[in-house]
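Enquirer: have a look at this prediction, sequence included:
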Amino acid sequence: QVLLVESGGGLVQAGGSLRLSCAASGRTFSSFFMGWFRQAPGKEREFVASISGSSGSTYYAGSAKGRFTISRDNAKNTIDLQVKDLKPGGKAVYYCAAGQVSTASYSYWGQGTQVTVSS
């Protein structure tokens with residue numbers, strides 16, 4: 001069982017930057033691949049970025065390339081998502097998720113942290 005808790009959301013001005021964090025419980029954190037997803041009001045949850053457990057290889061959705069950076073610290077059981085140049089009027093709940101290679105899917109999800117971008 002893995003418990004994920006996101007933090008760092010809030011109201012941010014357009015053009016600004018934001019760092020979201022996700023803290024994970026458990027002693028096998030480095031064995032999980034981790035991801036960030038977001039869900040805007042009235043829309044489906046969409047993938048943003050992922051990072052592998054051991055090598056730290058990253059992968060981004062096309063819309064996230066260039067403005068989003070995912071990172072992890074296996075010693076602290078955390079992952080971060082750095083977002084820059086936030087677009088005006090944007091509002092979404094950001095979720096972190098954990099998955100194992102054996103299942104090739106995300107099995108654990110956090111409760112989410114909301115980000116609202118003011119104009």
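Expert: Cool, the structure landed.

Enquirer: CA atoms for contacts and neighbours, from now on please.
Expert: Noted.

Enquirer: helix, strand or coil for the residue most central in space within the chain?
Expert: Nearest to the centroid of the C-alpha atoms of the chain, with distances taken as C-alpha atoms, centre = their mean, sits Trp36, at 2.7 Å. Under DSSP: H, G, I helix; E, B strand; the rest coil, the three-state class of Trp36 is strand.

Enquirer: ok, it - contacts?
Expert: By C-alpha atoms under 8 Å, 6 or more residues apart in numbering, the contact set of Trp36 is 47-50, 81, 94-97.

Enquirer: chain neighbours aside, what residue packs nearest to it?
Expert: Take Trp36 and drop its neighbours on the chain: the residue closest to it by C-alpha to C-alpha, 6 or more residues apart in numbering is Cys96, 4.5 Å away.

Enquirer: isn't the one you found right up against Met34?
Expert: Yes - the pair Cys96 / Met34 is scored as a contact, 7.2 Å apart, by C-alpha atoms under 8 Å.

Enquirer: and these two? Which one has more around it.
Expert: Cys96 (31 against 28; other C-alpha atoms under 10 Å).

Enquirer: SS state for the more buried one?
Expert: Classified using three-state DSSP, Cys96 is strand.

Enquirer: who's in contact with it?
Expert: Going by C-alpha under 8 Å, 6+ apart, Cys96 touches 4-6, 22, 34-37, 109-110, 112.

Enquirer: again, only this time at 10 Å
Expert: Each residue near Cys96 by C-alpha atoms under 10 Å, 6 or more residues apart in numbering is listed here: 4-6, 20-24, 34-38, 47-50, 79-81, 106, 108-113.

Enquirer: overlap of the contact sets of Cys96 and Met34?
Expert: Taking C-alpha under 10 Å, 6+ apart as the criterion, Cys96 and Met34 both touch 22, 49-50, 79, 106, 108-109.

Enquirer: ok, of the residues you listed, which one's closest to Gly66?
Expert: Distance to Gly66 across the shared contacts of Cys96 and Met34 (C-alpha to C-alpha) is lowest for Ala49, with 11.5 Å.
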